[in-house]
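>>> below: sequence and its predicted model.
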Amino acid sequence: MRHFRSLSIAMVFVLTLFTNAAFAASATGSWKGDVTLPDGTAHSFSMHLKQEGAKVTGKFDGINNAPEVDITDGAIKDDTLTFTLIRQIQGKSVLFTYSGKVSAGMIDLSISRSDGAAGLHSLMKRIP
């Protein structure tokens, strides 16, 4: 009887692990969102991500006709996506750090910049 109870508890634990892994949000796909700068200017942008396990790679489309940018240091743990990229702003390289929660069809992103500019926010939606 003790053996059956231990086996039952172990099976529930294993099923819980597989269920969580099967339903974990995926960052793979194309995403579109808007960001409003501190001066009130709104910009739309898109990103294209590929998730392989905990690693995330991809590209950001350029904003205002700027060239697309590769993301670096892309990772996902549970439902938290993090990555960085470097954009040229007024002739200077600026490091952007992104962090957000991935959920059903959305990524809620917080964006910070290495040049001390105010932090930004964007709610990205998956492009079908």
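Here it is on my side, so go on.

>>> please make it C-alpha for all contacts and neighbour counts, starting now.
Noted.

>>> please name the nearest non-neighbouring residue to Lys101.
Sequence neighbours aside, Thr80 is the residue nearest to Lys101 in space, at 4.7 Å (criterion: Cα to Cα, 6 or more residues apart in numbering).

>>> element containing the residue nearest the centre of the chain, please.
Geometric centre of the chain, nearest residue: Leu81, 3.7 Å, by Cα atoms, centre = their mean. Using DSSP states H and E, Leu81 falls within strand 80-89.

>>> just checking, which helix or strand of this structure averages the lowest pLDDT?
One helix or strand of the chain scores below all others by mean pLDDT, DSSP states H and E: helix 2-22, with a mean of 45.

>>> average pLDDT for the helix or strand just after that helix?
Per DSSP H and E, the first helix or strand lying C-terminal to helix 2-22 is strand 29-36. Strand 29-36 shows a mean pLDDT of 95.

>>> quick one: the helix or strand following strand 29-36 to strand 29-36, angle?
Using DSSP H and E, the next helix or strand after strand 29-36 towards the C-terminus is strand 42-52. Here strand 42-52 runs at an angle of 150 degrees relative to strand 29-36 (axes from the mean of the first three to the mean of the last three Cα atoms, to 10 degrees).

>>> only alpha carbons, please: show strand 42-52 as CSV.
The C-alpha trace of strand 42-52 is given here as CSV (Å, rounded to 0.1, in the frame of the first residue of the first chain):
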residue,chain,number,x,y,z
ALA,A,42,4.4,56.9,-31.0
HIS,A,43,6.2,54.2,-33.1
SER,A,44,5.1,50.9,-34.3
PHE,A,45,7.6,48.1,-34.5
SER,A,46,7.8,44.4,-35.2
MET,A,47,10.1,41.6,-34.0
HIS,A,48,10.6,38.1,-35.3
LEU,A,49,11.7,35.5,-32.7
LYS,A,50,12.8,31.9,-32.6
GLN,A,51,12.9,30.0,-29.4
GLU,A,52,14.9,26.8,-29.0
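
>>> that strand - contacts with which helices or strands?
strand 29-36, strand 55-60 (3 or more Cα pairs under 8 Å, 6 or more residues apart in numbering; DSSP states H and E).
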